[in-house]
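Novice: Please find the sequence and the predicted model below.
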Amino acid sequence: MNWGVFEGLLSGVNKYSTAFGRVWLSLVFIFRLLVYLVAAERVWSDDHKDFDCNTRQPGCTNVCFDHFFPISHIRLWALQLILVTCPSLLVIMHVAYREAKEQRLRETQGDSYRCIYPNPGKKRGGLWWTYLLSLIFKASVDVVFLYIFYRFYRNYTLPRLVKCELPPCPNMVDCFISRPTEKNIFTLFMVVTTCVCVVLNLVEATYLIGKRCHECLEPGEGDSRRHSSFLELPGESRSCSPGLQLLGCSSSSVPQCSSAELGCA
């Protein structure tokens, strides 16, 4: 695994996340991904080899193992981590799209081009919706996988002894699972961290919606600010010529820019 590339992606996601998003990202990286890579894979590496049944009937052990382990914990967790982290990368791609659009305008129109996104990483307009939908998607994925684990492995636990009477077993045979206590501890740990991640996603989504509602309902705010900051329509974009930047991006045809929006190129 190329940790340099992963570190770059991680820093990019951190850059455009809120405080709750940074906590979620740290939790996923440290308590889920690292635990999965360092410990969990080794714990489940011998699950089929050490699944013993008290019979020599050919095929009986394989049939019983497939019945009690329809999908391995490791493969489910791998798929879960992939689906959970992908929406965060979509946010980075959206910001990169904004920056590329600004660059194209700068190259085609020169220094007097009108700036569409004064701050491409600021969660306004389409990026706000992308970020919010990514939170909902991540929480939904975790909830779905929690339900899948519960359906396949009731109460998220593995018994020490299972009884199997499926063909071609000659009769009811006893089968023993390898290291069930250790596997139960890791399963409980992953379930708890997943629940915490779901709560963080919901809290962050509530924070974003509450903050947006507060900004829209704040007294003294004009319609021009709502349209320019929330919708970011191209027709209401700010000029980014060098002369206007030195004067605070002000002119008779464009509204005043705040200090945070200076140097929007």
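Specialist: That came through, no problem. Numbering: from 1, shown residues only.
Novice: Could you say which helix or strand holds the nearest residue to residue 148 once chain neighbours are set aside?
Specialist: Distance criterion C-beta to C-beta, 6 or more residues apart in numbering; nearest residue to residue 148, sequence neighbours excluded, is residue 76 at 6.8 Å. All C-beta atoms are positioned from the backbone trio N, CA, C, and that covers glycine. Assessed by DSSP states H and E, residue 76 sits inside helix 73-109.
Novice: Repeat that for residue 174.
Specialist: Assigned by DSSP H and E, residue 174 falls in strand 173-176.
Novice: Report the distance from that strand to the chain centre.
Specialist: 40 Å (C-alpha atoms, centre = their mean, to the nearest Å).
Novice: begin at 291 from here
Specialist: Sure thing, new numbering starts at 291, so read that last one as strand 463-466.
Novice: on contacts alone, who are the packing partners of that strand?
Specialist: Identification of packing neighbours for strand 463-466 by 3 or more C-beta pairs under 8 Å, 6 or more residues apart in numbering; DSSP states H and E yields strand 342-343, helix 350-358, strand 451-454.
Novice: and the second one, how far from the chain's centre?
Specialist: The offset between the C-alpha centroid of helix 350-358 and the centroid of the whole chain comes to 35 Å, using C-alpha atoms, centre = their mean.
Novice: who touches it?
Specialist: Residues outside helix 350-358 that contact it (C-beta atoms under 8 Å, 6 or more residues apart in numbering): 338, 341-343, 345, 452, 454, 456-460, 463, 465, 467.
Novice: repeat for the first one
Specialist: Counting by C-beta under 8 Å, 6+ apart, the neighbours of strand 342-343 from elsewhere in the structure are 350, 351, 354, 454, 459, 463, 464, 465, 466.
Novice: Likewise for the last one?
Specialist: By C-beta under 8 Å, 6+ apart, the list of residues contacting strand 451-454 from outside reads 343, 350, 353, 354, 357, 358, 462, 463, 464, 465, 466, 467.
Novice: swap the cut-off to 7 Å and go again
Specialist: 343, 354, 357, 358, 462, 463, 464, 465, 466, 467 (C-beta atoms under 7 Å, 6 or more residues apart in numbering).
Novice: for those residues, which one is nearest residue 419?
Specialist: Closest to residue 419 out of the contacts of strand 451-454 is residue 358 (43.5 Å), distances taken as C-beta to C-beta.
Novice: neighbours around the closest one, how many?
Specialist: For residue 358, the neighbour count with other C-beta atoms under 10 Å is 15.
Novice: Likewise for residue 392?
Specialist: A count of neighbours around residue 392, defined by other C-beta under 10 Å, yields 19.
Novice: For residue 460, see how far away it is.
Specialist: Here the criterion is C-beta to C-beta, to the nearest Å. By it, residue 392 lies 72 Å from residue 460.
Novice: Next: residue 428.
Specialist: 48 Å.
Novice: Quick check on those two: which one has the bigger neighbour count.
Specialist: Per other C-beta under 10 Å, whichever of residue 428 and residue 460 has more neighbours is residue 428, with 24 against 11.
Novice: From residue 377, how far out is the more buried one?
Specialist: 6 Å.
Novice: Same question for residue 471.
Specialist: Distance from residue 471 to residue 377, counting by C-beta to C-beta: 35 Å.
Novice: for residue 328, same thing?
Specialist: Distance, residue 328 to residue 377, using C-beta to C-beta: 25 Å.
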